[in-house]
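Asker: Structure for the following, please:
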Amino acid sequence: MKITVDHLRREFGQTIAVDDVSFQFESGQIFGFVGPNGAGKTTTMRIMATLDEPTAGDVRLDNLSVVEDPERARHLIGFVPDELRAYWDTTVNDYIDFFARAYGLKGAHREEAVNSVEEFTNVAGIADKQLRALSKGMKQRVSLARALVGDPEILILDEPAAGLDPRARIELRELLSLLADQGKAIFISSHILAELTEICHGAVIIEQGRILEAGETGEILAKRQQKLTYALRSMSNPDELMRDLLQMPHIDHPRQAGNEFLFEVEGSEENAFELLNLLIQKNHRIIEFRQTKTNLEDIFMNITEGKVQ
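Answerer: Coordinates of the predicted model:
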């Protein structure tokens, strides 16, 4: 299945929350949705999940219009919001079973579906616990189980890793990879850009309601890697080294990260070697100089400004 977001626009009074947003992805892919707070991510995802209507534009699931036929579209979509919203005295099993009934599942089929998603998301052991007693990580698992109980072809997750501890984030990442291997199309927003780089086939970067970049990860990296990124470690005085880096030709965005200095070099590798020679001539004691691999986080920092509408 191909999911096509086609020239979406959403206005709230004088505010344009989503402005001519277009991208596409398909079954078996995980696409990351990246942008500063207030960039329009949640509004876009709510429109995709039929929970809001656009001012203009559409979302198509193959040839099915989400705007024109939201009832049919809802049976194909599982939505995981940024936090679990429920009656807290409800048990895990009753909560998931309620949504199974809402999807029209009946009898043994419903029981099988509920048991299956509880096992898959590893909440079967807490099925009789009330939701109020669960940790943040377990609540996210329950929310994922609820979204999966109708066996959707598309899964939309709004900041599912927010507030999770490292183990819970790793486990969530593994679950999403399994779901993609099963052929589901997954669209996930997150601020943890390094993790998105590890699991995503592609990404959409948005700021102030507008798309800055969209496509498969390799295409984005190749398109944006016009400058080579280098890391340098030195025994020199850090302030003196930064001062000299700022004065060097062909260098952009010098910055200190722990015990390293990172920067982009315009042009070819020859410019990087020229830089290294100039630093040595200035008596800087260089102990490591290497080219680094550009990732989504580097691109995000280079093309966004942190602005909101």
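
Asker: need the contact list for V59.
Answerer: 3-6, 8, 47-48, 65-67, 73 (C-beta atoms under 8 Å, 6 or more residues apart in numbering). C-beta coordinates here come from the backbone N, C-alpha and C atoms, glycine included.

Asker: Could you report the separation of G258 from R233?
Answerer: Taking C-beta to C-beta, to the nearest Å as the measure, G258 and R233 are separated by 10 Å.

Asker: if you count what's nearby, which of those two comes out ahead?
Answerer: R233 (15 against 7; other C-beta atoms under 10 Å).

Asker: Could you say which helix or strand holds that one?
Answerer: strand 228-234 (DSSP states H and E).

Asker: Also Q140?
Answerer: Per DSSP H and E: helix 136-148 holds Q140.

Asker: ok, now A108?
Answerer: Counting by DSSP H and E, A108 is found in helix 107-120.

Asker: Mind listing what's buried along that helix?
Answerer: Residues 110, 113-114, 117-118, 120 are the ones in helix 107-120 that count as buried (16 or more other C-beta atoms under 10 Å).

Asker: try stretch 275-293
Answerer: Buried residues in stretch 275-293 (16+ other C-beta under 10 Å): 275, 279, 284, 289.

Asker: For the helix holding A108, give me every contacting residue.
Answerer: 92-93, 96-97, 100-101, 105, 124, 127, 145-146, 148-151, 175.

Asker: one more time with 6 Å, if that's ok
Answerer: Applying C-beta atoms under 6 Å, 6 or more residues apart in numbering, the external contacts of helix 107-120 come out as 96-97, 100, 105, 124, 127, 145, 148-149.

Asker: Kindly report the same for stretch 12-21.
Answerer: Against stretch 12-21 from outside (C-beta under 6 Å, 6+ apart): 7-10, 40, 43-44, 209-211, 309.

Asker: quick one: which of these is most hemmed in?
Answerer: T44 (30 neighbours).

Asker: so where does that residue fall, helix or strand?
Answerer: helix 41-48.

Asker: what mean pLDDT does that helix have?
Answerer: The pLDDT scores in helix 41-48 average 97.

Asker: For it, name the packing helices and strands.
Answerer: strand 15-26, strand 154-158 (3 or more C-beta pairs under 6 Å, 6 or more residues apart in numbering; DSSP states H and E).

Asker: let's see it at 8 Å
Answerer: strand 2-12, strand 15-26, strand 30-34, strand 154-158, strand 185-189 (3 or more C-beta pairs under 8 Å, 6 or more residues apart in numbering; DSSP states H and E).

Asker: Could you tell me how many residues sit around the closest residue to T42 other than its chain neighbours?
Answerer: Ranked by C-beta to C-beta, 6 or more residues apart in numbering and with sequence neighbours excluded, the top spatial neighbour of T42 is D158, at 5.7 Å. Neighbour count for D158, taken as other C-beta under 10 Å: 21.

Asker: For D158, give the beta-bridge partners.
Answerer: S189 (DSSP bridges).

Asker: gap between it and M242?
Answerer: From D158 to M242 the distance is 39 Å (C-beta to C-beta).

Asker: T4 too?
Answerer: With C-beta to C-beta as the criterion, T4 and M242 are 46 Å apart.

Asker: With H253 instead?
Answerer: From H253 to M242 the distance is 12 Å (C-beta to C-beta).

Asker: With neighbour numbers in mind, choose between these two.
Answerer: More neighbours surround M242 than the other of H253 and M242, with 16 against 12 (other C-beta under 10 Å).

Asker: To which secondary structure element is that one assigned?
Answerer: Going by DSSP H and E, M242 is part of helix 238-247.

Asker: can you give me the strands in the stretch 151-300 of the chain?
Answerer: 154-158, 185-189, 202-207, 210-216, 228-234, 251-257, 260-265, 286-291 (DSSP state E, counting those that start in this stretch).
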